[in-house]
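J.: missing the sequence, but the structure's below:
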């Protein structure tokens, strides 16, 4: 999945969560909470889809390999003196 596809999927998930929250607030006749419930559902969808489209490490890039073994830039060999 490319980053553009992930962004569109994330936007769709957030919009669907907003619509679901608005529908639930309307069905429960919670008119005083009408703007709050969809916003909470959308915020939850935003938080749950934050890593959508990211591959590999937490920084979002693909894992790096050297001689067939995966390594991390932060894991540098220690010097012996």
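T.: Happy to help now that I have it. For clarity, every value in this text was computed on a predicted model and none was experimentally measured. Numbers count the residues shown, from 1 in each chain.
J.: helices of this protein, residue ranges please.
T.: Along the chain, counting by DSSP state H, helices occupy 3-27, 36-48.
J.: out of those, which comes closest to residue 65?
T.: Of all the helices of the chain, helix 3-27 sits nearest to residue 65, with 21.7 Å by CB to CB. The way it works is simple: take the backbone N, C-alpha and C, and place the C-beta from them, glycine included.
J.: and residue 69, which of the helices of the chain is closest to it?
T.: Comparison of the helices of the chain against residue 69 by CB to CB identifies helix 3-27 as nearest, at 27.1 Å.
J.: burial measure for residue 46, as a count.
T.: For residue 46, the count of nearby residues is 14 (other CB atoms under 10 Å).
J.: hang on, the earlier thing: any chance of the helices of the chain in TSV, with distance to residue 65 and mean pLDDT too?
T.: What follows is those, written out as TSV (distance: least, CB to CB, whole Å; pLDDT from 0 to 100):
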stretch	distance to residue 65	mean pLDDT
helix 3-27	22	92
helix 36-48	30	93
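J.: distance to residue 67 for those - can I get that in JSON lines?
T.: Shown next, in JSON lines, are these (distance: least, CB to CB, whole Å):
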{"stretch": "helix 3-27", "distance to residue 67": "29"}
{"stretch": "helix 36-48", "distance to residue 67": "37"}
